[in-house]
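*Asks:* Quick one: sequence plus predicted model below, questions after.
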Amino acid sequence: MDYFLTEEQQMIRDLARQIAEEKVVPVRAELDETGEFPWEIMKVLAQSDLFGLFIPEQYGGLGKGCLELCLAVEELSRACVGVSTTYAANALGTYPILLFGTDEQKKKYLPDIAAGKRLVAFGLTEANAGSDAGGIQTTAKLEGNEYVLNGTKQWITNGGEAEIYTIIAITDKSKGPRGASAFVVEKGTPGFTFGKKENKMGIRASSTRELIFDNCRIPKENILGREGMGFIVAMKTLDSSRTGVGAQGLGVAQGAFEEAVKFARQRQQFGHPIISFQAVQHMLADMAIEIEAARSLIYSVARYIDSGAKDISKPSAMAKTFGTDVAMKVTTNAVQVMGGSGYMKEYPVEKMMRDAKILQIYEGTNQIQRNVIGQEIIKEAARKK
Ligand code: COS
């Protein structure tokens with residue numbers, strides 16, 4: 001299939017593919033085993049300008065959009081979702097600054113982010129506020145010229161490794177989600193510490209930690225947008241980033257499919273390569289259909305976002321849900337095609353299957369995505385009446 005990518009988009013895809021094949025594939029099993037953070041790979045991505053893809057040129061980036069970011073994320077995910085999660089979560093954490101920061105805040109933070117000098121993390125989730133993001137309890141109280149943060153964020157990707165954190169906290173408890181605000185908090189600020197690194201089923205190269213705020217004082221200029229806009233900042237951020245999670249699903253599905261085809265051509269049973277059996281061909285055919293459908297949807301949604309469209313909640317939730325459900329199905333079936341070998345750590349598909357699972361969970365479970373889509377369907381129907 002030709003998706004009519006521009007020459008520049010093809011170059012970005014090819015560059016990300018080359019880095020994935022040369023730098024990520026050789027170390028992915030070891031990173032998965034040890035859980036070591038992929039700093040060496042992050043340095044290569046920084047040297048290749050890939051951290052600046054979606055950041056405007058005036059702030060030191062390449063000024064590209066969602067599609068270019070998805071192409072890079074897809075290629076990295078084809079090799080390792082642990083690595084692509086680190087890279088994509090950096091974009092997630094940057095969106096609040098990009099979408100709601102003042103010119104001054106953008107000048108302060110974006111050039112370093114674009115250069116890959118400082119990693120970013122997004123802090124919304126808490127122990128009692130996962131799907132119910134409006135239920136966060138971390139507080140930010142204005143005292144003179146400072147906000148004082150108290151509370152704990154849970155399961156934060158890039159936690160501990162990132163230097164810049166975009167944090168959602170409650171400034172007015174009486175207003176519920178409308179009393180939330182967004183802030184930038186820098187690593188090293190007194191009162192800001194990290195919990196232990198989580199031991200995860202998959203994406204083990206990525207870092208997931210608690211963020212602990214204990215009377216952490218930040219300048220009041222670190223607020224993003226205005227007081228009370230925090231929930232909107234969070235939702236708009238997630239609207240902007242969820243297509244990229246779909247692209248992670250697409251990439252890992254493509255990687256698993258290629259492994260399954262390679263194996264099925266080599267593996268002999270009943271005197272023939274197993275790819276000659278229709279039972280296997282049908283599984284591979286379904287995988288190929290699902291991958292191509294996911295790619296068509298994800299690239300279309302990314303192009304729609306890049307057109308400047310404002311109503312992106314439903315399409316991005318669709319791209320996330322479809323791409324990541326496909327990832328789970330295709331990686332599971334890749335293991336099935338490869339049988340006992342697929343279940344063993346000698347082959348990469350068991351890792352791909354473990355990695356795929358988180359994609360249906362983070363940045364809003366696929367059940368929450370269906371809620372978002374359902375709400376939009378209701379609103380559209382009411383408008384037509
Ligand atoms: N863009 C702009 N505004 C939005 C929005 C969006 N995408 N989604 C909701 N809002 C606004 C609503 O319009 C509402 O505003 P008003 O109070 O002015 O009416 C406000 O935000 C609250 O919206 P709602 O009542 O729909 O919020 P809920 O508490 O019911 O939660 C869901 C909505 C479930 C969709 C939300 O909590 C969610 O996305 N949960 C998943 C969170 C998530 O992705 N976590 C992962 C963290 S990062 S790994």
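*Replies:* Looks like it came in fine.
*Asks:* Burial check on residue 333, number of neighbours?
*Replies:* Residue 333 has 22 neighbours, counted by other Cβ atoms under 10 Å. From N, CA and C alone the C-beta is placed, and that goes for glycine too.
*Asks:* Could you point out the longest helix of the chain?
*Replies:* helix 230-266 (DSSP state H).
*Asks:* is it up against the ligand anywhere?
*Replies:* Yes. On the criterion Cβ under 6 Å from any ligand atom, helix 230-266 is in touch with the ligand at 231, 232, 235, 236, 238, 239.
*Asks:* Out of these, who's the most crowded?
*Replies:* Taking other Cβ under 10 Å to define a neighbour, the member of the residues of helix 230-266 next to the ligand with the most is residue 238, carrying 24 neighbours.
*Asks:* what's the span of stretch 125-145, first residue to last?
*Replies:* One end of stretch 125-145 to the other measures 27 Å (Cα to Cα, to the nearest Å).
*Asks:* as a whole number, average confidence for it?
*Replies:* In this model, stretch 125-145 has an average pLDDT of 97.
*Asks:* just stretch 62-79 next, same as before
*Replies:* Confidence over stretch 62-79 (mean pLDDT, whole number) is 98.
*Asks:* what does this structure have sitting close to the ligand?
*Replies:* Selection of the chain residues close to the ligand by Cβ under 6 Å from any ligand atom yields 124-125, 131, 133-134, 177-178, 231-232, 235-236, 238-239, 313, 362-364, 368, 371-372.
*Asks:* List the neighbouring strands of whatever helix or strand comes next after the longest helix of the chain plus their orientation.
*Replies:* As assigned by DSSP states H and E, the chain's next helix or strand after helix 230-266 is strand 268-269. Applying DSSP bridges, strand 268-269 is found paired with strand 272-273 (antiparallel).
*Asks:* quick one: contacts of the strand it pairs with?
*Replies:* The list of residues contacting strand 272-273 from outside it, by Cβ atoms under 8 Å, 6 or more residues apart in numbering, reads 264, 265, 266, 267.
*Asks:* any idea how far it is from the chain center?
*Replies:* In terms of Cα atoms, centre = their mean, to the nearest Å, the centre of strand 272-273 is found 39 Å from the chain centre.
*Asks:* quick one: pLDDT of the residue lying closest to residue 143 once chain neighbours are set aside?
*Replies:* Spatial nearest neighbour of residue 143, excluding adjacent residues (Cβ to Cβ, 6 or more residues apart in numbering): residue 217 at 7.8 Å. Confidence at residue 217, expressed as pLDDT, is 98.
*Asks:* Contact partners for residue 217?
*Replies:* Each residue near residue 217 by Cβ under 8 Å, 6+ apart is listed here: 143, 146, 147, 148, 149, 189, 190, 191.
*Asks:* in the chain, what residue sits furthest out from the centroid?
*Replies:* Computed with Cα atoms, centre = their mean, the residue of the chain farthest from its C-alpha average is residue 271, at 43.9 Å.
*Asks:* sec struct for the residue in the chain that the ligand sits nearest to, please.
*Replies:* Among all residues of the chain, residue 364 sits closest to the ligand, at 2.9 Å; criterion: Cβ to the nearest ligand atom. For residue 364, the secondary structure call by DSSP: H, G, I helix; E, B strand; the rest coil comes out as coil.
*Asks:* ok so, going back, same question for the longest helix of the chain, mean pLDDT?
*Replies:* Predicted confidence along helix 230-266 averages 98 (mean pLDDT).
*Asks:* what's the answer for stretch 272-282, then?
*Replies:* The predicted model gives stretch 272-282 an average pLDDT of 98.
*Asks:* If you count neighbours, what's buried in that stretch?
*Replies:* 274, 275, 280 (16 or more other Cβ atoms under 10 Å).
*Asks:* For the residues you listed, give me CSV that also has secondary structure.
*Replies:* Below are the buried residues of stretch 272-282 laid out as CSV (three-state DSSP):
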residue, secondary structure
274, helix
275, helix
280, helix
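*Asks:* Tell me if I'm right that residue 242 and residue 369 touch.
*Replies:* Yes. Using Cβ atoms under 8 Å as the test, residue 242 is close enough to residue 369 to be in contact (7.5 Å).
*Asks:* what touches both of the two?
*Replies:* Common neighbours of residue 242 and residue 369, counting by Cβ under 8 Å, 6+ apart, are 317, 320.
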